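Q: compute the structure for the input listed below.
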Amino acid sequence: MAIAGDAVIHALALHRAHKFLSDKLRRLLEASGDFSRFTQLVLGAGYSAALKAAAAELETFSPAHVVAFTDADYPPLLKEISYAPFALYLRGNRSLLAGDFIALVGTREPSAAGRLAAANLAEVFTRAGKTIVSGIARGIDSVAHHAALAARGYTVAVLPNGFDHYYPLENRDLYESAANNADILLLSEYPANAKPQRHHFVRRNRIIAGLAPLTVFVEGDIKSGGMITVNHALSEGREVAALKHDALKNNAGGEKLIADGAADFTVAAFSRETRRESA
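A: Residues are numbered from 1 along each chain as shown. So this is what the prediction gives:
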C-alpha cells in the first residue's frame, strides 16, 4: 500500500476525529490502496481542517512522542485488535514498544496475598525477558509496574488520561520517572491535558489486552475492570491465565476463569512464598 504525504499527521487526524480501525475501516483501507486517500474518504468534508489541526498539535511536541499505526514500531499485536487506535501518545522509552509483553491486571483493592502474587509474577516474567504491561491503577496494576522496575526490568503503563494528570496520585512516581528512566513507557490515547473519564477506563483496557499475547488476572471479582481486560483478550483470541488460592480475597473472577479453562498460574505466583516458608 502506498503511503502518501505525512502518515503521522494523517493518523493523528483520524485519531483526533475518534476513528478506530474497525473491520469496516480495515476493508476501506485495503480497498483505497493509499493512506491519504483513505483518510480523505473517512473524514470527508472535514479532511483539510482535520489535517491542519493535527499538524498544529504535532508542532507542540516531538513527533517521537506519537506512534502512528503506519509506523514500523507500532506494536503488531495491537494493530490486530478490533478498534485499534490510529495513533497513541508516548512518554518515556519508545523502544519499549518492541517488548515481549505480558499483561498483569486485577483489583484496586488486593489482599496481601494478591499483592505478593502480583509482585512475584512481575519478577518471574521480568527475569524471563518479558515487559510488564498494566493500567497504572492503584492495587494490582501499581504493584506489577513497581515490581518490574524493582527487578530491573521494563514496564509499559496504559493511561486513561493525558500525561499532565497524575491519576492515581499514588503512582506519581511512575509518571515522573518516565522523563528520565529508560525502563518505563507511558501510553495514552488522550492528549496531555485530558482528565480521566469513566469511559476512558474501559477503552484503555482493550489496549492493555491488545498489546500482550497473554493476560494474567491476578485477583478480583467477576465484575471488575480487570475482567473487562480479560474479556477483551479472549475476544481477540489471546491467552488468559488466573490464580486460585485460599489467601486471595474476593477472587471470584479468577476462580471462574480457571473453572472455564484459563491457565492456572497459582504455583508460579506463590512459589517464592513457599520457598521462603520452607527455608
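Q: who's the closest residue to Ala11 other than its chain neighbours bridged to?
A: Take Ala11 and drop its neighbours on the chain: the residue closest to it by C-beta to C-beta, 6 or more residues apart in numbering is Ala68, 3.5 Å away. Just so you know, the C-beta spots here come from the backbone N, C-alpha and C atoms, and that holds for glycine as well. According to DSSP bridges, Ala87 are recorded as the beta-bridge partners of Ala68.
Q: now the element after the helix or strand harbouring Ala113, going C-ward?
A: Assignment of secondary structure by DSSP states H and E places Ala113 within helix 112-127. Sequence-wise, the next helix or strand beyond helix 112-127 is strand 131-134, with elements assigned using DSSP H and E.
Q: what's the mean pLDDT across whichever helix or strand comes after that next one?
A: Proceeding C-terminally, strand 131-134 gives way to helix 140-150 as the next helix or strand, assigned by DSSP H and E. Within the predicted structure, the mean pLDDT of helix 140-150 is 98.
Q: who's in contact with helix 140-150?
A: 104-108, 110, 114-115, 118-123, 125-126, 131-132, 134-136, 154-155, 157, 168, 170-171, 174, 177, 181, 183-184, 218-220, 226 (C-beta atoms under 8 Å, 6 or more residues apart in numbering).
Q: so which bits of that helix are buried?
A: Using 16 or more other C-beta atoms under 10 Å as the test for burial, helix 140-150 gives 140-149.
Q: so can I have TSV of those showing distance to Leu28?
A: Rendered in TSV, the data for those read as follows (distance: C-beta to C-beta, whole Å):
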residue	distance to Leu28
Ile140	39
Asp141	35
Ser142	40
Val143	42
Ala144	38
His145	37
His146	43
Ala147	43
Ala148	39
Leu149	41
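Q: good, we can wrap up now.
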